[in-house]
Every structure is written in structure tokens, then in C-alpha cells.
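Participant: Generate coordinates for the sequence data below:
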Amino acid sequence: MTLADRRAALAATMDRRGAWPDRSPWIRRAVTAVPRDVFAPDRLWSWDGHAYVPLDRVVDPGRWAAEVYASPDAAAVTQVTGGVPSSSLSAQGIVVDMLDSLLLEPGHRVLELGTGTGWNAALLAQRVGPDGRVVSVEVDADLAERAVARLKGAGVDATVHVGDGAGGCPSGGPYHRLISTYAVDTVPWPWVEQTRPGGRIVTPWGHLGHVALTVAEDGGSASGWVQGLATFMPARGTGPGRDFAAVRGEGPPRDERPVTRDIGPLRDDWHLLFALRVALPDVRITTAVDEDGVNAWLHDGATSWATLTATGAGGTTAYEGGPRRLADEVEQAWTAWLTLGRPELYDYGLTVEPGGQYVWCGDEATGPRWPL
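Facilitator: Below is the predicted model:
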């Protein structure tokens, strides 16, 4: 397949899914005008089941192109640091969804945090046009330099600064719109300060969903709803801490007990997983299925862990270690979610104020809330 064939195939898949937003027809035109392969580096990284291995365009152009256009949900890893992905060409479906949430208009001044390959900045520039301005901030100087070269090569007018996106870019503001391409656990207050009253901030939050916030008319807060699923890399230096194996260690568990609840939803109920992420922001949950059923591994990145191990015939046993009882905490948060009536992730919102921020459910003023 040629690159043109792969572009068309991915666009057709999004057609079948209804993934091209009706209210933002400009996005499809922009994706056609500045396709993602133009911004993909010649070396990508592919998971072989054990580690990330290089995938070079010159050596294997077919596999390279297939990686770039794998599916609407697949990101292409463009940088690996210490064996872990540290930058990517984001999944096309998620990029489109977040751009739709931004409600960008011609002539807008927009700030992007996390330039990466430069593709998202190019899409933004297609929309704002010659009367608008795109400013992008990238913490990695090498990535920024390469993104500038790609943007210039594609004839895109965008300004790229090297710096920490948490501080925004006050010299180019105030902005009509702000978009982050990496996940944050809390929204930096400078983002609100540098966005105009009535302006919009779109960012992945909590590594599982993305939110769209509107800045209040007095500029003293920003608030808005969760818009959809979005799994993005976290801000540099804000990873999940130690992995499960390091937290688990070699010692025996401190506690063992049967689990009466079916843990299958921990594998595929994204609304439940989002609710657990809100209630237990430091707890990481991974799952797998074997011949006995669904198994889950929980850890807090520091000192506590739990495994929920399938024992066959529908049975599950919890093993826990460390000062916290993570299996108990997850079950309690799960029960609280059920008591609320199983709200979907779209029922949650986020409010950011100078002195703090919180997630709420149902109603910003009267619904339950969880401080961050």
C-alpha cells in the first residue's frame, strides 16, 4: 500500500466509526492538508512483546507506514528514554476528538503545550489561518528543533519555544485557546491566567480522559466537563513512580482474603475505571486474562500493592502488601460509584481555582466532589 492508500484507509475507518465530528468539518480538511506521515520521524519504536525496538523508514518503509497509520486509536512511538516511551505521534482519533473539543476559530491565538513532532501545531495553524497565531512549547530541545524543521518544510507558520509547558508562554498571550498534548494530574494555574475570559482549555487529565474548561468572565477560575477518553503520556518527571514489581518486592503478602465481587469490569468498564481514577488518583490498575479468569494488579507507585488472582470457577483471591489495603480501597470506591448510580465519565467535570482544584460529578455546585 502507498502512503496515500494508508491515509485513505484510516480516514475510511474513522468514517465508519463516525469519528469525524460534524460540528468541526475543518479538522478533516486539515488532516488531509497536513497528513501525519509528513510529521513522523524516520525512526519509530515498535513493541515486540518484550521491549521497544527501532523501526526505520529506510530499512522497512512498509512496516513504518503501517505503524504511522495503524488505527484511529494507535499512537506511533517516536522517542524512547530508559526503555519507556517519552514522546509519540498521537493517535489520530484522539487528536481529532480533542481538536473538536477546543472549538477553535479562524483568527484565534492558540497556545499548545507539548510540540512533539509538530503535527498538532500544523493542524491548529490550518484552522486559525493567517490572521491567527499558533505558539507551541516543547520541553525537549531536540524534539523542538526537529519539529521546527518539519513545520517549515510543510510551509506551516507556527512559533515553537523550548521550555516547561507548566508555565505556559506568557509572552504570546493572552490566548483564545490552550491545548495540552500531555496528561496532567492538576491543571497549572498559569494556563488559566494566560487564557482570555471565556476562552477554552483542553487537556488530557489523569491519563484516562480529557477535559474542556472555560475560563470564567472574571478570570478567577476555569471549569468544564470531561469530553472523552484520552490516554496520553504524562508531563516529564510526573510518571507513576515505581512499577508493580518494584513495589511488590520479594516478601510474602500481609493479607489474603476471598473477593466476592466479579472483577471483570476492571478490565473493560471505562466508566468504572475513570471513577476509580478520580477516587484513588495514585492507584494504578492493570489486568490480564488467563485460563482461570480475570486477574488484576494494583499498586500506588510507592509502598503498597495488591493482586486480585483468579482461582477458577469464578473465584478470586486478594493478596495485599504494604501499609495500605489497596484491594479494600478499590472495592470501597467501586461501591461508592455504584451508589451514585454508575455515572459515566461524561458526568464528571473539573474546576480549577487559584487555591486548588477538584473533580465533581453531576452538578458543579451540589454534586459530590473530590479535591485534587
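
Participant: For V156, grab the count of nearby residues.
Facilitator: Neighbour count of V156, defined by other CB atoms under 10 Å: 22. The way it works is simple: take the backbone N, C-alpha and C, and place the C-beta from them, glycine included.

Participant: Could you check how far it is from A147?
Facilitator: To A147, V156 is 10 Å away according to CB to CB, to the nearest Å.

Participant: same deal with H271?
Facilitator: Distance of H271 to A147, computed by CB to CB: 35 Å.

Participant: the more surrounded of those two?
Facilitator: Using other CB under 10 Å, the more surrounded residue of H271 and A147 is A147, with 25 against 16.

Participant: Please export the C-alpha coordinates of the strand or helix carrying that one as PDB.
Facilitator: Element membership of A147, judged by DSSP states H and E, is helix 141-153. Output of helix 141-153 as PDB, limited to C-alpha atoms (Å, rounded to 0.1, in the frame of the first residue of the first chain):
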ATOM      1  CA  ALA A 141      15.200  20.900  22.800                       C
ATOM      2  CA  ASP A 142      16.000  18.200  20.300                       C
ATOM      3  CA  LEU A 143      12.300  17.500  19.700                       C
ATOM      4  CA  ALA A 144      11.600  21.200  19.300                       C
ATOM      5  CA  GLU A 145      14.400  21.600  16.800                       C
ATOM      6  CA  ARG A 146      13.100  18.800  14.600                       C
ATOM      7  CA  ALA A 147       9.500  20.000  14.900                       C
ATOM      8  CA  VAL A 148      10.500  23.400  13.700                       C
ATOM      9  CA  ALA A 149      12.200  21.900  10.700                       C
ATOM     10  CA  ARG A 150       9.100  19.800   9.800                       C
ATOM     11  CA  LEU A 151       6.800  22.800  10.300                       C
ATOM     12  CA  LYS A 152       8.900  24.900   8.000                       C
ATOM     13  CA  GLY A 153       9.200  22.100   5.400                       C
END
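
Participant: got the contact list for that helix?
Facilitator: For helix 141-153, the external contacting residues (CB atoms under 8 Å, 6 or more residues apart in numbering) are 38-39, 41, 79, 87, 115-118, 121-122, 136, 138, 158, 160-162.

Participant: What residue spans form the domains of the chain?
Facilitator: 3-229, 244-339 (automatic domain parsing).

Participant: Quick one: mean pLDDT for the longest one?
Facilitator: Averaged over domain 3-229, pLDDT sits at 96.

Participant: first vs last residue of it, how far apart are they?
Facilitator: 28 Å (CA to CA, to the nearest Å).

Participant: Distance from the chain centre to the helix holding A147, please.
Facilitator: 23 Å (CA atoms, centre = their mean, to the nearest Å).
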